[in-house]
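*Asks:* Okay, here's the prediction I keep looking at, along with the sequence it came from:
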Amino acid sequence: MAGYNLKEIMNKPERLTPGHRMCAGCGATIGVRAVLRALHENDRAVIGNATGCLEVSSYTYPYTAWEDSYIHNAFENAGATLSGVETAYKALKKRGRIPEDVNYKFITFGGDGGTYDIGFQSLSGAMERGHDMVYVCYDNGAYMNTGIQRSSATPRFADTTTTPVGKVSTGKMQSRKDLASIIAEHGVPYVGQTTFTRDFRDIHTKAERAIYTEGACFLNVLAPCPRGWRYDMSDIMKICKLAVDTCYWPLFEVEEGRWTLSYEPKKKLPIEDFLREQGRFKHLFKPGNEELIVQFQEEVDRRWEDLLYKCSK
């Protein structure tokens with residue numbers, strides 16, 4: 001970030017305009033605005049958007065909150081659509097149909113339902129083919145738009161409408177999929193995992209690298225949902241900080257196969273500090289459920305040690 005003025009970055013013209021219908025305290029729109037600020041002033045963008053909260057709340061024909069060209073994609077094909085648009089753009093430019101001084105970037109957004117699950121085949125294909133595009137997942141840990149159903153991004157023990165907590169249930173039984181690592185195994189030039197830190201430098205830096213690295217790039221952005229996670233909407237930055245400081249959501253990059261840790265907490269906090277702030281985990285703090293928090297901590301510790309090993313190689 002050397003040479004950048006944070007105040008100038010935050011005061012850049014918005015490419016996602018206010019007036020959309022997303023919930024207050026939603027991480028998705030914060031993530032979108034932060035990513036699009038990384039576009040250079042004179043560059044244009046074609047935005048893809050898989051069906052989800054972000055799409056239904058930012059676009060109702062003929063009205064849109066997007067300043068750039070925008071394509072609403074079905075749940076399963078955001079990666080395929082933008083890879084096709086990027087290919088058409090290159091073909092038209094080669095034929096002289098697009099002026100040489102016009103520069104477009106191709107960015108698609110999808111929630112974890114449309115990225116980890118339903119759209120994974122499309123995403124994987126686009127990454128494997130190496131299209132010059134960026135796929136940004138705003139990971140809010142469930143299918144929020146259709147009623148808070150579990151996805152493969154939902155953490156273990158979370159209470160959702162399809163993994164309800166009850167007398168014989170402690171929430172979701174399975175662990176969360178590590179999608180950033182899976183995409184890194186595709187051999188793409190850049191993968192970044194980030195969220196909203198205090199000064200937004202991490203997400204801005206990684207978004208710029210992803211957008212301006214040639215080839216297929218991927219950003220995984222933790223984007224808390226106040227309804228699904230059940231926290232006070234003003235606490236979103238606190239939630240994100242706890243996710244990072246407990247190492248539930250570590251910040252890292254993979255550039256040309258080389259893993260780099262972006263941030264290591266001076267004091268790694270216990271996972272209960274993160275869980276306690278969210279209503280979806282309140283059952284874990286009832287008497288008799290102490291072992292579940294131990295199991296959650298063990299999983300976080302294992303993934304953290306695996307990441308440290310990758311970054312040390």
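*Replies:* Yep, it's here.
*Asks:* so how far is stretch 279-290 from its chain's centroid?
*Replies:* In terms of CA atoms, centre = their mean, to the nearest Å, the centre of stretch 279-290 is found 27 Å from the chain centre.
*Asks:* Give me the buried positions along that stretch.
*Replies:* For stretch 279-290, burial by neighbour count (16 or more other CB atoms under 10 Å) applies to 280, 281, 283, 284. In this view, the C-beta of every residue, glycine as well, is placed from N, C-alpha and C.
*Asks:* Mind putting these into JSON lines with distance to residue 8?
*Replies:* Below are the buried residues of stretch 279-290 laid out as JSON lines (distance: CB to CB, whole Å):
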{"residue": "280", "distance to residue 8": "38"}
{"residue": "281", "distance to residue 8": "39"}
{"residue": "283", "distance to residue 8": "45"}
{"residue": "284", "distance to residue 8": "43"}
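*Asks:* Among the residues you listed, name the ones in strands.
*Replies:* Using DSSP state E, no member of these falls in strands.
*Asks:* Name the nearest of the residues you listed relative to residue 189.
*Replies:* Sorting those by how near they are to residue 189, with CB to CB, puts residue 280 at the top with 35.5 Å.
*Asks:* Quick check, pLDDT for the closest one.
*Replies:* Residue 280 is assigned a pLDDT of 98 by the prediction.
*Asks:* residues touching it, list them.
*Replies:* 158, 159, 160, 171, 228, 229, 230 (CB atoms under 8 Å, 6 or more residues apart in numbering).
*Asks:* Give the closest residue to residue 67 in space, chain neighbours not counted.
*Replies:* Leaving aside its sequence neighbours, residue 67 sits nearest to residue 15 (CB to CB, 6 or more residues apart in numbering; 4.5 Å).
*Asks:* rewinding a little: pick the one among the contacts of residue 280 closest to residue 108.
*Replies:* Closest approach between the contacts of residue 280 and residue 108, by CB to CB: residue 228, at 22.2 Å.
*Asks:* okay, now the closest one: neighbour count?
*Replies:* Applying other CB atoms under 10 Å, we find 24 residues neighbouring residue 228.
*Asks:* if I've got this straight, it is in a helix?
*Replies:* Yes: Residue 228: assigned to a helix according to DSSP: H, G, I helix; E, B strand; the rest coil.
*Asks:* what ranges do the helices span in the stretch 1-150 of the chain?
*Replies:* Ranges of helices in the stretch 1-150 of the chain, per DSSP state H, counting those that start in this stretch, are 6-10, 27-36, 53-58, 78-94, 112, 120-129.
*Asks:* actually the stretch 151-300 of the chain, not the one I typed
*Replies:* Under DSSP H, counting those that start in this stretch, the stretch 151-300 of the chain gives helices at 179-184, 201-212, 226-229, 236-245, 272-275, 290-312.
*Asks:* Tell me the confidence at the residue nearest to residue 67?
*Replies:* At residue 15, pLDDT is 94.
*Asks:* show me what contacts it?
*Replies:* By CB under 8 Å, 6+ apart, the contact set of residue 15 is 33, 36, 37, 39, 45, 66, 67, 68.
*Asks:* Restricted to buried residues, select those in ChimeraX.
*Replies:* Those of those that count as buried under 16+ other CB under 10 Å are selected in ChimeraX with:
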select :33,36,37,39,45,66,68
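*Asks:* Let me have the contacts of residue 15 in TSV, extended by pLDDT and distance to residue 261.
*Replies:* Formatted as TSV, the contacts of residue 15 follow (pLDDT from 0 to 100; distance: CB to CB, whole Å):
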residue	pLDDT	distance to residue 261
33	95	26
36	96	26
37	95	24
39	96	26
45	97	30
66	95	34
67	94	34
68	95	32
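*Asks:* Which of the contacts of residue 15 sits closest to residue 141?
*Replies:* For the contacts of residue 15, the nearest to residue 141 is residue 33 (20.1 Å; CB to CB).
*Asks:* Please convert the helices of the stretch 151-300 of the chain to JSON lines, extending it with mean pLDDT and distance to residue 149.
*Replies:* Formatted as JSON lines, the helices of the stretch 151-300 of the chain follow (pLDDT from 0 to 100; distance: least, CB to CB, whole Å):
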{"stretch": "helix 179-184", "mean pLDDT": "98", "distance to residue 149": "18"}
{"stretch": "helix 201-212", "mean pLDDT": "96", "distance to residue 149": "27"}
{"stretch": "helix 226-229", "mean pLDDT": "97", "distance to residue 149": "10"}
{"stretch": "helix 236-245", "mean pLDDT": "97", "distance to residue 149": "21"}
{"stretch": "helix 272-275", "mean pLDDT": "98", "distance to residue 149": "20"}
{"stretch": "helix 290-312", "mean pLDDT": "98", "distance to residue 149": "21"}
